[in-house]
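# Here's a sequence, model it:
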Amino acid sequence: MDESERLLRVQAKNQLRRRMQNLRLLISDAACEARSACIRSFLMQFPPLLEARTIALFWPMEKKNEVDLRPLHLFLQERGKTMFYPFIDQEKGEMTFREANDISLLEQKGFLKEPSAASREVDRGELDVIIVPGLAMDLGGYRIGYGSGWYDRTLPRFIPPARTIGVVFDYQLIVEVPVAPHDQGLNWVVTDRKIISAEAEIASGG
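Predicted coordinates:
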């Protein structure tokens with residue numbers, strides 16, 4: 001990929017990012033919760049998640065109308081799963097996952113909550129499933145986040161054996177994300193209307 005093509009992809013991503021952020025803010029809180037409940041229902045019946053023992057979740061960003069998976073935590077906890085949440089080390093510029101089976105112990109950090117620095121960090125190779133948020137996702141399992149690149153840099157450290165599930169509302173599903181070499185594809189995408197297997201597309205490079 002030459003420099004001009006790279007810049008065009010960056011511009012296209014930024015435009016999509018702004019459009020999706022604005023679109024998501026137009027959705028009411030009630031609609032956001034109803035759509036989130038549909039996604040949770042799909043996940044609660046999804047074999048790859050039910051068969052997993054160690055799962056990385058995420059806390060929804062406040063006032064961003066992000067998919068809310070908080071009730072899923074209790075569902076998984078009751079089934080003996082071990083849960084982890086993203087932890088960002090600003091000094092090192094790294095994101096990892098730390099254990100947080102007691103959701104009440106998560107600490108407020110800006111627009112979201114994360115485990116304390118004293119909680120146990122996940123071992124490489126320990127995670128079975130990582131659930132990933134996004135502003136937009138496509139049928140090939142590629143996503144657009146907020147532009148920080150935390151997940152794109154972190155996921156390769158855990159895959160394999162971890163498998164990945166992206167969650168977005170159905171209106172955030174697009175035909176194709178402008179993909180850069182560092183972008184990390186997901187195994188599945190779950191919306192409030194369907195579950196998409198992106199594994200074939202990932203295996204063939206999108």
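# so what's residue 131 closest to, chain neighbours aside?
residue 165 (5.0 Å; CB to CB, 6 or more residues apart in numbering). No exception for glycine: its C-beta is placed from N, CA and C like everyone else's.
# beta partners for the most centrally placed residue in the chain?
Central residue of the chain (CA atoms, centre = their mean): residue 132, 1.2 Å from the mean position. Per DSSP bridges, the residues bridged to residue 132 are residue 166.
# rewinding a little: do I have it right that the residue nearest to residue 131 meets residue 129?
Yes - between residue 165 and residue 129 a contact is recorded at 6.3 Å, counting by CB atoms under 8 Å.
# Am I right that residue 184 falls within a strand?
No - Residue 184 sits outside any strand when classified using DSSP: H, G, I helix; E, B strand; the rest coil, being coil.
# For it, give its distance to residue 94.
Counting by CB to CB, to the nearest Å, the gap from residue 184 to residue 94 is 15 Å.
# one step back: where do the contact lists of residue 165 and residue 129 overlap?
Here residue 165 and residue 129 have 48-49 as joint contacts, going by CB atoms under 8 Å, 6 or more residues apart in numbering.
# coming back round to it: am I right that the residue nearest to the centre of the chain is in contact with residue 162?
No - when contacts are counted by CB under 8 Å, residue 132 is not listed as touching residue 162 (10.5 Å).
# Mind listing the shared neighbours of these two?
By CB under 8 Å, 6+ apart, residue 132 and residue 162 have these common neighbours: residue 155.
# List the strands paired with the lengthiest strand in the chain, with their directions.
Longest among the strand segments of the chain by residue count, using DSSP state E, is strand 82-89. According to DSSP bridges, strand 82-89 forms sheet pairs with strand 54-56 (parallel), strand 94-99 (antiparallel).
# And for that strand, what's in contact with it?
Residues outside strand 82-89 that contact it (CB under 8 Å, 6+ apart): 53-59, 73, 76-77, 94-101, 103, 106, 109, 113-115, 117, 119, 121-122, 127, 150, 154.
# Show the buried residues in these.
54-59, 73, 76, 95-100, 103, 106, 113-115, 119, 122, 127, 150, 154 (16 or more other CB atoms under 10 Å).
# follow-up on the earlier one: quick one, what contacts the residue nearest to the centre of the chain?
Counting by CB under 8 Å, 6+ apart, residue 132 touches 58, 143, 151, 155, 164-167, 186.
# can you name the two of these that are farthest apart?
Greatest spatial distance among these (CB to CB): 155 and 167, at 14.7 Å.
# out of the two, which sits in the more crowded spot?
For residue 155 versus residue 167, neighbours defined as other CB atoms under 10 Å are more numerous around residue 167 (28 against 19).
# Residue 129 is in contact with that one, correct?
No - between residue 167 and residue 129 no contact is recorded; they are 11.8 Å apart, counting by CB under 8 Å.
# If anything else comes up later, I'll come back, but that's it for now.
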